[in-house]
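Undergrad: dropping the sequence and predicted coords here.
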Amino acid sequence: MPILEVKNLSVAFTQYTTGFKQKSHQVISDLNVTLEAGKILAVVGASGSGKSLLAHAILGVLPTNAKVSGSMTYVGEELTHARKIALRGKEIALVPQSVNYLDPLMKVGKQVRTSVRTGDPKEAQKNVFERYHLKPEVEGMYPFELSGGMARRTLLSTAIVSGAKVIIADEPTPGLDPTVMKEALGNFRELADSGCAVMLITHDIDSALSIADEIAVFYAGTTVEIAPVTDFTGKGEALRHPYSKALWRALPQNDFIPIKGSQPHSSALPPGCLFEPRCPWATSDCRKGRPEMRELRDGTVRCIHAT
């Protein structure tokens, strides 16, 4: 049984326009992901594709003007808003993208210790700071006294000591030097190997490939493909979706071929397949409706032409 399962998640934001009229922007539509014990799912895609919003939806920290539909289950039971609050920071831990999540009025050592649920909090905080090369005096500092890299390591430490079953890491490595970054990624792998389910949200596909089991590719607020990491090789021949292939070939170490056009804004989504205006495989059938996710070659894909 998956630890965490998200099915057909849709998120829309209601905004007021001229004359106090309301307008709804669909930013996530029919998004699906599954997190399993012992595995790392890496989520990749362009900025604005819905990666961080997915994390916030799981944790129940979306703003009040958000309308959410679809279903989420945690260990087989519905993940209601009340249950999200109860599990947040305990069973489900976030390594956030922004260092502003640190409490500016609390010393960072105390912040890490408050996340420890078993054992000696002081000892756990000391050990995790040593692991991430944070000197003993750092525990007595406030967040404004930390460098960006130190703040990210503190956030990572907070999630590590929590003992959570699900770790959601939202861009956890920017600002870290290569040695600490490699160690941090290795620790996510260790957490998965010890039975946790890890979701790594990242722009760095190379980092994802070094530790993940599967890659979920997001585009314009939905999942277009979920594939084993072994499919990200060569010219992308094993990948299923044209966007996944184009994203892979756009990397500097591959063909460095740019993808024509740009990802559509949530206020101007095309009819049918969201990638159709940029897709080299597109036909008139692609504009008739949104394709469903389907299983294909040990992965899943949202494309009627994928073979």
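TA: All right, it came through fine.

Undergrad: the stretch 51-200 of the chain: strands as residue ranges?
TA: Using DSSP state E, counting those that start in this stretch, the strands of the stretch 51-200 of the chain run over 66-74, 77-78, 92-95, 166-170, 197-201.

Undergrad: out of these, flag the one nearest Lys288.
TA: strand 66-74 (22.8 Å; CB to CB). For every residue, glycine as well, the C-beta is placed using N, CA and C.

Undergrad: show me what the residue nearest in space to the middle of the chain bridges to in the sheet.
TA: Compute the mean C-alpha point of the chain, and by CA atoms, centre = their mean the closest residue is Ile201, 3.1 Å away. Beta bridges link Ile201 to Val43, Asp170 when assigned by DSSP bridges.

Undergrad: contacting residues for it?
TA: The neighbours of Ile201, taking CB atoms under 8 Å, 6 or more residues apart in numbering as the test, are Ala42, Val43, Lys51, Ser52, Leu54, Ala55, Gln97, Ile168, Ala169, Asp170, Glu171.

Undergrad: just Ser267 next, same as before
TA: Per CB under 8 Å, 6+ apart, neighbours of Ser267: Lys23, His25.

Undergrad: which stretches in the protein count as helices?
TA: 51-59, 81-87, 108-113, 121-131, 148-161, 178-193, 205-211, 242-249 (DSSP state H).

Undergrad: tell me which strands and helices the third one is in contact with?
TA: Helices and strands in packing contact with helix 108-113 are listed as helix 121-131, helix 148-161; criterion 3 or more CB pairs under 8 Å, 6 or more residues apart in numbering; DSSP states H and E.

Undergrad: tell me the helices and strands packed up against the longest one.
TA: The criterion is 3+ CB pairs under 8 Å, 6+ apart, and the helices and strands that helix 148-161 contacts are strand 92-95, helix 108-113, helix 121-131, strand 166-170, helix 178-193.

Undergrad: and Glu225, what's its pLDDT?
TA: pLDDT, Glu225: 98.

Undergrad: and what of Thr73?
TA: Reading off the model, Thr73 has pLDDT 97.

Undergrad: please apply the same query to Gly140.
TA: 97.

Undergrad: find me the pLDDT at the closest residue to it other than its chain neighbours, would you?
TA: Once flanking residues are discounted, Gly140 sits nearest to Lys107: 5.6 Å by CB to CB, 6 or more residues apart in numbering. In this model, Lys107 is scored at 97, pLDDT.

Undergrad: swap in Arg88?
TA: 92.

Undergrad: how near is it to Ser115?
TA: Distance, Arg88 to Ser115, using CB to CB, to the nearest Å: 11 Å.

Undergrad: more neighbours: which of the two?
TA: Set Arg88 next to Ser115 and count neighbours by other CB atoms under 10 Å: Ser115 wins out with 21 against 16.

Undergrad: give me the phi and psi angles of that one.
TA: Backbone torsions for Ser115, taken as degrees, to the nearest 10, come to phi -90, psi -10.

Undergrad: residues in contact with Ile167?
TA: Ile167 neighbours (CB under 8 Å, 6+ apart): Ala93, Val95, Ala159, Phe188, Leu191, Cys196, Ala197, Val198, Met199.
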